[in-house]
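1. Quick one, structure for this:
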Amino acid sequence: MLPGTSLKDRYRLARFPLAHKGMGEVWPAHDALLDRPVIVKFVAVTDLDLVRRFRREALLTARLDHPGVPAVYDLGEHAGHPYAVLQKIDGISLSDLVAEHGPLPIGWVAAIGAQISSVLLAAQRLGLVHRDIKPSNAMLESSGSVKVLDFGLAVIPDDDRYSRITQSGQAVGTFGYMAPEQIFGQRTDHRADLYGLGATLFDLLTGSPPFDGLTTMTTVRRQITAAPPRPATLRPETPATLDDLVHSLLASTPDDRPDSAADVYRVLAPLSENLPPIPGVLDESVTAVQAYAAIVGRTPPQHARPLPQQHAPDADH
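-> Residues are numbered from 1 along each chain as shown. Coordinates of the predicted model:
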């Protein structure tokens, strides 16, 4: 794409792209009709399977109508290049946040986790499994709210239109954060995302992943054979309820994890207090009271928005 390109005589690309991601580009743009900043994500047309996955990700993200998920405003094609127009997020990824600030205050760990669990509860009600929950796939906005990103690996196991994007028995996700059942290529449900949330909370609390090995093989071996770690061993001031929660979320067997994201939310929300400023990350006007209100007020919708079947992507990949 060229700087200043206009899409549909409405979305004008900025001077420089934000990123080149694999076989695509991400551009900041301006929506002239509604006078607001947006993000435009393009995908290369050289890989038809990638195009199918791109469209599928946009449809799944749009279906999960929740304030903790970036809104999908539009889908289109320009000069043969498919694109999606997305909500612009003003924030920092959790992975960058930890890299810059180290382990986060307990209250913020709980606040961030509560918001992610709220998103996962909305996904659970749809039967949607994200399958790649990790610090780099969530952003803390300057308002104190959290957005969960990248639904490229998401599935709805009981919906044939969205049940598979890979061959059966193939592991998908990120080693160190994906659940053991994902490593073995087994069928997953919402409890796989709870495992990813547990690994993310461990990272936020301690500044390091729960199963950090020198190689991928050592990381996987620890995930499969070692007992679930406790963050309190590295950070003794971790409240017992939070330590127990993370320990249970990282259980190797899904049945040993919490039953629902609602159970996780109920533990984390009361701990979302004493939220100190995070310099350079949060707006100076954001107070602990405002941030807490944003956190506990973000409950998922009760009913999913239906998706017309005629717009569904291919289900064989």
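2. from here on, contacts and neighbour counts on C-alpha atoms
-> OK.
3. And the residue lying closest to F175 once chain neighbours are set aside, what's its pLDDT?
-> Among residues not flanking F175 along the chain, V220 sits closest, at 6.6 Å (CA to CA, 6 or more residues apart in numbering). On the pLDDT scale, V220 is placed at 88.
4. any idea how far V220 is from F202?
-> Separation of V220 from F202 (CA to CA, to the nearest Å): 17 Å.
5. which of the two has more neighbours?
-> Counted by other CA atoms under 10 Å, V220 and F202 do not tie: F202 has more neighbours, with 27 against 20.
6. and the more buried one, backbone torsions?
-> phi -60, psi -40 (degrees, to the nearest 10).
7. That one is in contact with P209, isn't it?
-> Yes: contact criterion CA atoms under 8 Å: F202 and P209 qualify, at 6.5 Å.
8. which residues of the stretch 151-300 of the chain score low on pLDDT?
-> Applying pLDDT under 70 to the stretch 151-300 of the chain flags the ranges 157-172, 284-300.
9. if we look at the helix or strand that contains L268, which residues are touching it?
-> Assigned by DSSP states H and E, L268 falls within helix 261-268. Applying CA atoms under 8 Å, 6 or more residues apart in numbering, the contact partners of helix 261-268 are 110-111, 113-115, 117-118, 120-121, 124, 194, 241-242, 245, 258.
10. can you rerun that using 7 Å?
-> A110, A111, G113, A114, S117, S118, L120, L121, L194 (CA atoms under 7 Å, 6 or more residues apart in numbering).
11. list the contacts for the third one?
-> G113 makes contact with L201, L268 under the criterion CA under 7 Å, 6+ apart.
12. And it, how far from A269?
-> In this view, G113 and A269 are 8 Å apart by CA to CA.
13. Check the second one too.
-> Separation of A111 from A269 (CA to CA): 7 Å.
14. Show me which of these two is the more surrounded one.
-> A111 (28 against 20).
15. quick one: which helix or strand includes the more buried one?
-> Using DSSP H and E, A111 falls in helix 106-126.
16. go on, H247?
-> Using DSSP H and E, H247 falls within helix 240-249.
17. List the buried residues for that helix?
-> L242, D243, L245, V246, H247, S248, L249 (16 or more other CA atoms under 10 Å).
18. Nearest to E77, out of those residues: which one, please.
-> Nearest to E77 out of the buried residues of helix 240-249 is L249 (CA to CA; 41.2 Å).
19. now the one helix or strand V98 maps to and helix 106-126, what's the angle there?
-> Counting by DSSP H and E, the element that carries V98 is helix 94-101. Here helix 94-101 runs at an angle of 180 degrees relative to helix 106-126 (axes from the mean of the first three to the mean of the last three CA atoms, to 10 degrees).
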